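Participant: can't give you the sequence, but here's the structure:
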């Protein structure tokens, strides 16, 4: 189906940016007509056309249905909410009652541009708008301590909010810290490189969750460069450890993940094995089907953990990662008893919704490995169905795919297999 429609300039206004995203989702992502979408979301096709062209303003209920239908993971809802808020702030400015809110408006404009140009796939002039705003925005420079708090805030958001909502805020701070580095003293610049490494690593983490692997890999490269420029050896190892752990979720070949781990271990030094690196190594070996080696790595992991874990002031590391690695390896082996025992440990220690969802998917995986295909795929479908679409990250979807991949060829027609496959295919996380 070929679509020829009136051009919508997303840089013209926030409402035009929203309209451009709506049209992009309908025409380029889903290849649907106005009438087909309108019928599915219970609205008039004429109204939908007007929303796309920014002629009229859609009601939040319509936006919510469109976001769900397109599987936008909250991005369309975020654009609409920001357009409404920006309109309110501009009204205050015109009335001369804004006061401190003028600065807030400027940040909202930047955030709006970041949402559209940074995580949308529009390929629109919003990139120029974003750069122009960022180039003139220097009102949010911070102390190093304030930047560390900001990094902690972003990490907390990553554990608790949909990734599509986190990406825009991260992009703003990446722009700001870049600007601050350009005008800082040499000593402060080195410290800001460390901040940049952390923020870039978080952005790569977010994009990995969104399944945008190409962009994530570029941000991992940026994070490594910044960490190396900071001269902080612990940070260099941490960034590579994070890069490796996200690589096992379909972003990289497992052997490439092991190569990154080897590089990081050389930086870390042979005197004391890295617990973070060993936990990911066990998962990568398991993904390669090398279950005996994965078990031996778990033994090394537990020995290293008994000798003490290097404190992580940034908060990336938590004890739940040790238990999670065990859950992954035991489940892939089909050792349901060990996996079940360790699953309780993960659930009692973790704060992240991804880990909680994935250990339940590990349970489904071990069922399938042991021949319980029908029960396993049903359990996996229950887990996925219980998660709001905006939270169905690539990590969760990849783990569910592991369940499908474990289904033997002769069981492909079993009840629930097709349903799980369809659930993963038609309800994306982004």
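Facilitator: That came through, no problem. Remember, it's a predicted structure, so these values are computed and weren't measured experimentally.
Participant: how about the closest residue to residue 345 other than its chain neighbours, what does it touch?
Facilitator: Beyond its immediate neighbours in the sequence, the residue positioned closest to residue 345 (Cβ to Cβ, 6 or more residues apart in numbering) is residue 323, lying 4.2 Å away. For glycine as for every other residue, the C-beta is placed from the backbone atoms N, C-alpha and C. Remark: with contacts taken as Cβ atoms under 8 Å, 6 or more residues apart in numbering, residue 323 is in contact with 342, 345, 346, 349.
Participant: tell me the contacts of the closest residue in space to the last one that isn't next to it in sequence?
Facilitator: For residue 349, the nearest residue in space outside its immediate sequence neighbours is residue 320; the separation is 4.0 Å by Cβ to Cβ, 6+ apart. Contacts for residue 320 (Cβ under 8 Å, 6+ apart) come out as 345, 346, 349, 350, 351, 352, 355.
Participant: now the third one: how far from residue 163?
Facilitator: As for residue 349, its distance to residue 163 is 22 Å (criterion: Cβ to Cβ, to the nearest Å).
Participant: The two: which is more packed in?
Facilitator: Of the pair residue 349 and residue 163, residue 163 is the one with more neighbours under other Cβ atoms under 10 Å, namely 28 against 15.
Participant: Report the residue spans of the protein with pLDDT below the cut-off.
Facilitator: Low-confidence regions of the chain, defined by pLDDT under 70, span residues 1-7, 9-11, 85-86, 88-140, 308-315, 317, 426-430.
Participant: And it, split by domain according to the record?
Facilitator: Domain ranges of the chain: 14-136, 140-231, 327-430, per automatic domain parsing.
Participant: So which of the ones you listed is nearest residue 285?
Facilitator: Ranking the domains of the chain by their distance to residue 285 (criterion: Cβ to Cβ) puts domain 327-430 first, at 8.1 Å.
Participant: Distance from the closest one to the middle of the chain?
Facilitator: 19 Å (Cα atoms, centre = their mean, to the nearest Å).
Participant: One more: stretch 70-83?
Facilitator: 16 Å.
Participant: which helices and strands sit right next to the helix or strand where residue 208 lies?
Facilitator: Using DSSP states H and E, residue 208 maps to helix 186-209. Contacts of helix 186-209 with other secondary structure elements, assessed using 3 or more Cβ pairs under 8 Å, 6 or more residues apart in numbering; DSSP states H and E, are made with helix 144-160, helix 163-182, helix 213-230, helix 233-247, helix 394-405.
Participant: want to try JSON lines for the ones you listed, with distance to residue 36 as columns?
Facilitator: Listed next are the helices and strands packed on helix 186-209 as JSON lines, based on distance: least, Cβ to Cβ, whole Å:
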{"stretch": "helix 144-160", "distance to residue 36": "35"}
{"stretch": "helix 163-182", "distance to residue 36": "24"}
{"stretch": "helix 213-230", "distance to residue 36": "30"}
{"stretch": "helix 233-247", "distance to residue 36": "36"}
{"stretch": "helix 394-405", "distance to residue 36": "26"}
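Participant: wait, which of those is closest to residue 13?
Facilitator: Using Cβ to Cβ as the measure, helix 163-182 is the one of these that comes nearest residue 13, at 17.8 Å.
Participant: Tell me which residues of the closest one come out buried.
Facilitator: Applying a neighbour-count criterion of 16 or more other Cβ atoms under 10 Å, the buried positions in helix 163-182 are 163-177, 179-181.
Participant: I figured residue 403 hits residue 373, correct?
Facilitator: No - Residue 403 is not in contact with residue 373 according to Cβ atoms under 8 Å; the separation is 9.4 Å.
Participant: The two - which one has more neighbours?
Facilitator: Under the criterion of other Cβ under 10 Å, the comparison of residue 403 against residue 373 puts residue 403 first, with 29 against 22.
Participant: Run a quick neighbour tally on the nearest residue to that one once chain neighbours are set aside.
Facilitator: With Cβ to Cβ, 6+ apart as the measure, residue 380 is the residue that lies nearest to residue 403, at 4.5 Å, once sequence neighbours are left out. The local packing of residue 380 (other Cβ under 10 Å) involves 30 other residues.
Participant: now residue 21
Facilitator: As a burial measure, residue 21 scores 28 neighbours (other Cβ under 10 Å).
Participant: Beyond the helix or strand hosting it, next helix or strand please.
Facilitator: Residue 21 is part of helix 14-23 when elements are defined by DSSP H and E. Using DSSP H and E, the helix or strand that follows helix 14-23 in sequence is helix 34-41.
Participant: Please pick the buried ones from the contacts of residue 323.
Facilitator: In terms of neighbour count (16+ other Cβ under 10 Å), the buried residues within the contacts of residue 323 are 342, 345, 346.
Participant: Give me the secondary structure label for residue 43.
Facilitator: For residue 43, the assignment made with DSSP: H, G, I helix; E, B strand; the rest coil gives coil.
Participant: wait, it sits on residue 61?
Facilitator: No - contact status for residue 43 versus residue 61: not in contact, 9.4 Å apart, counting by Cβ under 8 Å.
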